[in-house]
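Asker: model the structure of this input:
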Amino acid sequence: MPSDEELRSLLHSIQASDVVESRTQLISQLAELDVTDHNQRLSILHSLTTLWEDFTCLDLSQCMLNKTILHVATTYLESDISICLTQLLALGTKASIWCRKHMKMTLMSTNDSQEEEHYTLFFQVLLDILSHSAAVLSALAKLPVSTGKELVSLIETFVMELLNLTKDSILEVKKILTFGPEVLKASHTVLDTVISLCKAYCNNMNLDYDATAEKDDVNHVINIAKCAVENLVDLGIIAANAGGDLVAVLNLSWKGVVTLTQLYKGSLAVKVNISEIILSLISLAKGSLSCAGKTWSTLMEPVSMAEAKRIFIPVKFYLINAARIISYYPSQAFSIFKDITLCILIILTFRIFLGEQKYLKSASEALTELLEPTSIHLFNSLLNSAQLEHNHKCQILDWLFSDIPISSLVPKDESDPMHGSKTFLLGQLSLFVNLLRSAPDLEDDVTLEIAKKLNWLLNILIDENVYSSILAFPTFMLAVSPTSMWEEFESFLLENFFHPHHLCWEIIMELWCFLIRHAESDKRNDIIIKLCTVRSVAKQRLVSGYFCFLDVFDDESSRKDGNGMFGAPVFALCAALQSLQVSISDTEVKTVKLSTAMIQKYNNTRDNSKDQYLKLLSETLGIISSMKHLYSSDEMEKLMLELRDLFISNSGTELTKCKPNLAAFVAGLGHIEFEESDDNLKVAASWELFHMLLQERHWALAHLAITAFGYFSARTSCNELWKFVPEDAALSFDLELGKDANEERFMSEFKVFLDKEAANLKTSPGENEAALLVKEGLVLKQMVEKMISDGMEVDEITRVNKKRKFPDGISEGVSLLQNGLRVIANGITLWKQNQLDYSDINGEFLTRFSHLEDAVGHMAASIE
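Answerer: Next up is the predicted model:
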């Protein structure tokens with residue numbers, strides 16, 4: 001070990017030397033000294049820090065000097081650095097700042113031999129600085145958290161400048177030719193040690209529970225973590241945009257961000273913008289998908305599954321890390337829930353877009369496998385958070401199922417194939433269906449709010465892609481049936497029992513049937529009672545309200561009355577006729593006259609009430625289609641001519657909303673006895689109305705039109721049915737190309753349709769069914785006789801002074817018997833209408849049924 005005097009002499013010589021090469025040789029002698037005294041080490045490191053010049057060098061000598069300084073300083077890292085920590089940090093900070101400046105200059109230098117040698121030497125120095133600094137960080141992580149203000153400031157500055165140097169090195173790594181891989185490896189080591197330091201600091205401070213920790217100490221630890229996280233985010237974005245060249249940096253950066261945000265939890269949220277970090281990940285995912293969409297949309301050959309997965313795997317990586325951060329910071333994530341939701345909608349919409357393209361089927365499958373589950377998990381992690389308030393969850397769902405102003409969130413790009421509200425509507429639908437399917441995994445409050453959004457799905461069902469999603473309804477029904485959310489779902493079914501739209505009503509009926517088939521007996525009985533109550537009360541009110549409206553329709557004051565919607569009784573009755581057997585005796589054909597009046601008022605009105613009359617016209621046509629006797633009235637011809645003039649002369653889209661009920665109306669024209677001649681105004685109007693409907697290309701209207709024509713064809717007396725079919729009927733065209741209309745194709749498709757209808761719908765009972773009716777009637781009779789016999793065995797003593805109250809089971813049984821009798825009565829009525837031969841059992845069966853009705857009627861009266 002040198003004496004103090006020898007050391008001072010050597011340090012003085014170094015300071016006094018004006019020649020860089022001589023100074024470098026003298027400094028190298030310091031490395032050969034065996035210095036163990038703490039004060040001597042402090043003197044050496046202080047001198048080395050002073051000797052490191054801030055300006056960038058112009059030749060090899062300055063780089064060699066700095067390389068030698070680092071070599072000497074590194075020899076003191078093997079022992080306890082706590083004594084000389086201040087000097088090491090100051091030197092490391094100066095070195096990082098100098099190296100950043102020098103790297104920019106070096107990368108702009110020429111390629112002559114001297115510059116090339118200088119270039120090589122500089123990057124050796126860069127590697128030495130990164131290695132030396134990583135070693136300082138590793139040693140620092142083993143020490144207790146520093147408390148002195150000066151030292152705290154030095155540590156924070158050292159970490160900041162080192163991360164800046166590391167970030168610049170990675171950013172310029174493509175330009176660093178020979179040393180690129182080594183610089184990348186050294187940078188990776190620095191990032192790893194920074195993350196380790198943050199972990200050690202957090203564990204030493206125990207931020208959640210250490211009440212004795214000084215505020216300055218806590219701030220210091222959080223400041224280091226803040227600096228690390230922000231630089232890791234920047235590096236993660238740089239690596240993501242590097243096109244796959246920085247995969248190791250990409251993984252380390254974002255995993256480091258997730259680790260530190262989870263480790264520091266709420267403490268970090270005070271100083272770091274967590275929502276911006278989530279947005280960065282979301283933006284990277286969206287950017288990758290947008291780039292892929294634009295590239296693939298112009299391809300003329302299939303995209304392979306491997307290629308698609310290569311694109312989607314990084315996107316999945318971004319989404320997974322975003323979901324992990326969201327799970328720890330739901331409040332911060334809520335502030336950007338629109339961006340998060342929009343990203344998920346883009347992913348689900350992109351899947352639909354890919355599936356519709358000829359060459360992108362494999363890409364759609366890859367997205368379904370890799371991204372769809374992850375995106376749903378991301379959304380559920382936000383909705384399911386216990387830290388998020390209920391009203392915030394409601395706000396997310398309310399926005400999701402609203403008319404999202406896409407233009408305000410995504411700048412319109414004409415080259416973007418996915419842009420458009422209808423496209424995003426399908427994305428909304430896909431997300432909603434996934435929410436229905438994942439109901440068992442969601443919290444009760446979330447499932448309840450989803451149940452409240454079921455009407456949203458009914459409102460968009462006119463799209464064929466939406467209609468196919470109804471299979472998710474039974475899944476959701478099963479998920480909520482044993483929970484408190486069932487009441488909300490049951491209310492949804494009851495409220496839409498009379499839904500005015502035919503498609504929605506069909507779905508509601510399917511759900512009721514599914515429920516009745518699979519529900520437990522107690523629940524099934526409860527449901528039937530509720531439905532019967534709804535039906536019986538509704539029938540009386542609907543009919544009386546409808547005729548009251550007919551009586552006051554011409555009164556102008558009725559339209560000015562602001563109490564409720566004008567024409568509400570008409571809407572209600574039309575909707576109910578689909579599901580209730582309502583018998584209406586309109587002997588004065590007021591309904592037909594009302595329809596004619598609606599057309600005239602529509603034609604003569606120029607204000608906002610025009611649309612109101614059009615809606616009422618649609619509903620009255622629906623009502624007429626359920627009242628066969630009205631087709632034989634004298635007013636029918638006038639109505640048909642008015643309808644022809646209205647629909648044929650008007651080429652706008654405003655009449656489209658009337659066409660579903662118009663289809664039901666023209667189907668009923670089969671009940672009219674036509675005189676088939678060109679002079680017959682009725683039959684001519686029928687031709688034109690059917691022509692107009694059968695030309696419809698919309699899938700739902702085309703289905704209604706062919707259904708109406710099938711019903712008409714089965715009942716009309718007309719022989720020349722071909723006159724009702726236009727040459728350009730929708731079913732006449734080639735299904736794939738939509739060209740080449742052909743009458744034979746129409747008849748072929750029409751026959752297929754009729755065959756399906758015949759297979760699926762049986763309107764009259766066969767012999768076996770008739771025998772079954774008889775058998776069930778006899779069983780019902782035996783049950784009644786037994787109940788009467790049991791009911792007569794009553795203890796006379798107990799009923800001397802008061803009337804005995806019957807048990808609930810008997811009342812329920814009698815109610816079921818009455819319902820059974822109604823079913824049999826309806827079957828007999830249908831039997832007679834179809835004029836089946838029932839003479840061989842007519843007398844005996846009907847007599848027994850009549851006695852049975854009397855017996856059940858007496859029983860019902862006795863227990864009231």
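Asker: so for stretch 345-359, what gets flagged as buried?
Answerer: 345-354, 357 (16 or more other Cβ atoms under 10 Å). Backbone N, C-alpha and C define where each C-beta goes, glycine included.
Asker: what about E696, which SS state?
Answerer: coil (DSSP: H, G, I helix; E, B strand; the rest coil).
Asker: surely it meets K659?
Answerer: Yes. Counting by Cβ atoms under 8 Å, E696 touches K659, with 7.0 Å between them.
Asker: pass me the low-pLDDT residue ranges in the stretch 551-700 of the chain, would you?
Answerer: The model of the stretch 551-700 of the chain has pLDDT under 70 over residues 554-565, 578-588, 651-652.
Asker: where do the helices sit along it?
Answerer: Listed in chain order, the helices of the stretch 551-700 of the chain (DSSP state H, counting those that start in this stretch) span 556-560, 568-577, 590-604, 610-624, 635-649, 659-667, 681-694, 699-715.
Asker: distance to W254 for the ones you listed - can I get that in CSV?
Answerer: Shown next, in CSV, are the helices of the stretch 551-700 of the chain (distance: least, Cβ to Cβ, whole Å):
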stretch, distance to W254
helix 556-560, 64
helix 568-577, 54
helix 590-604, 62
helix 610-624, 54
helix 635-649, 61
helix 659-667, 53
helix 681-694, 58
helix 699-715, 45
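Asker: next one: G668 from M305, what distance?
Answerer: 54 Å (Cβ to Cβ, to the nearest Å).
Asker: tell me which of these two has more neighbours.
Answerer: G668 (21 against 14; other Cβ atoms under 10 Å).
Asker: what sits against the residue lying closest to that one once chain neighbours are set aside?
Answerer: Distances taken as Cβ to Cβ, 6 or more residues apart in numbering put S625 closest to G668, at 4.9 Å, once the chain neighbours are dropped. Going by Cβ atoms under 8 Å, 6 or more residues apart in numbering, S625 touches 661, 664-665, 667-668.
Asker: just to revisit the earlier point, tell me which of the helices of the stretch 551-700 of the chain sits nearest to A95.
Answerer: Between A95 and the helices of the stretch 551-700 of the chain, the tightest spacing by Cβ to Cβ is seen for helix 699-715, at 71.3 Å.
Asker: what is the neighbour count of D398?
Answerer: So D398, with other Cβ under 10 Å, has 12 neighbours.
Asker: including distance to L458 and mean neighbour count, could the helices of the stretch 551-700 of the chain go into a markdown table?
Answerer: A markdown table is the format used below for these (distance: least, Cβ to Cβ, whole Å; neighbours: other Cβ atoms under 10 Å):
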| stretch | distance to L458 | mean neighbour count |
| --- | --- | --- |
| helix 556-560 | 29 | 10 |
| helix 568-577 | 13 | 22 |
| helix 590-604 | 26 | 20 |
| helix 610-624 | 18 | 22 |
| helix 635-649 | 27 | 18 |
| helix 659-667 | 15 | 23 |
| helix 681-694 | 24 | 20 |
| helix 699-715 | 14 | 19 |
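Asker: out of those, nearest to E488?
Answerer: helix 568-577 (21.7 Å).
Asker: could you list every helix and strand that that closest one packs against?
Answerer: Helix 568-577 is packed against helix 521-552, helix 610-624, with contacts defined by 3 or more Cβ pairs under 8 Å, 6 or more residues apart in numbering; DSSP states H and E.
Asker: output those helices in a markdown table, with distance to A31 appended to each entry.
Answerer: Below are the helices and strands packed on helix 568-577 laid out as a markdown table (distance: least, Cβ to Cβ, whole Å):
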| stretch | distance to A31 |
| --- | --- |
| helix 521-552 | 87 |
| helix 610-624 | 92 |
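Asker: closest to N819 out of the ones you listed?
Answerer: For these, the distance to N819 is smallest for helix 521-552, at 7.5 Å, taking Cβ to Cβ.
Asker: can you mark which positions in the closest one are buried?
Answerer: Buried residues in helix 521-552, counting neighbours by 16+ other Cβ under 10 Å, are found at 527, 531, 534-535, 538-539, 542-543, 546-547, 549-550.
Asker: quick check on D678: phi, psi?
Answerer: phi -70, psi -20 (degrees, to the nearest 10).
Asker: one more: L281?
Answerer: Dihedral angles for L281 - degrees, to the nearest 10 - are phi -60, psi -40.
Asker: okay, it: pLDDT?
Answerer: Note on L281: pLDDT of 97.
Asker: in contact with the residue lying closest to it once chain neighbours are set aside, which residues?
Answerer: Setting aside the residues directly before and after it, L281 is nearest to A322 in space (Cβ to Cβ, 6+ apart), at 4.1 Å. By Cβ under 8 Å, 6+ apart, the residues touching A322 are 278, 281-282, 285, 340, 378.
Asker: could you measure from the residue sitting nearest the centre point of the chain over to A386?
Answerer: Geometric centre of the chain, nearest residue: L431, 2.0 Å, by Cα atoms, centre = their mean. Applying Cβ to Cβ, the value for L431 to A386 is 22 Å.
Asker: go ahead and confirm L643 touches E688.
Answerer: No. Using Cβ under 8 Å, L643 makes no contact with E688, being 9.4 Å away.
Asker: residues of the helix or strand where M64 lies that come out buried?
Answerer: Assigned by DSSP states H and E, M64 falls within helix 60-74. Within helix 60-74, the residues that count as buried by 16+ other Cβ under 10 Å are 60-70, 72-74.
Asker: just put the residues you listed in JSON lines and tack on distance to M636 and pLDDT.
Answerer: Output for the buried residues of helix 60-74, formatted as JSON lines (distance: Cβ to Cβ, whole Å; pLDDT from 0 to 100):
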{"residue": "L60", "distance to M636": "106", "pLDDT": "84"}
{"residue": "S61", "distance to M636": "109", "pLDDT": "84"}
{"residue": "Q62", "distance to M636": "105", "pLDDT": "85"}
{"residue": "C63", "distance to M636": "103", "pLDDT": "87"}
{"residue": "M64", "distance to M636": "108", "pLDDT": "90"}
{"residue": "L65", "distance to M636": "108", "pLDDT": "88"}
{"residue": "N66", "distance to M636": "103", "pLDDT": "88"}
{"residue": "K67", "distance to M636": "104", "pLDDT": "91"}
{"residue": "T68", "distance to M636": "109", "pLDDT": "90"}
{"residue": "I69", "distance to M636": "106", "pLDDT": "89"}
{"residue": "L70", "distance to M636": "103", "pLDDT": "91"}
{"residue": "V72", "distance to M636": "110", "pLDDT": "87"}
{"residue": "A73", "distance to M636": "105", "pLDDT": "88"}
{"residue": "T74", "distance to M636": "104", "pLDDT": "87"}
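Asker: just put the residues you listed in a markdown table and tack on distance to T596.
Answerer: Output for the buried residues of helix 60-74, formatted as a markdown table (distance: Cβ to Cβ, whole Å):
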| residue | distance to T596 |
| --- | --- |
| L60 | 103 |
| S61 | 106 |
| Q62 | 101 |
| C63 | 99 |
| M64 | 104 |
| L65 | 104 |
| N66 | 100 |
| K67 | 101 |
| T68 | 106 |
| I69 | 103 |
| L70 | 99 |
| V72 | 106 |
| A73 | 101 |
| T74 | 101 |
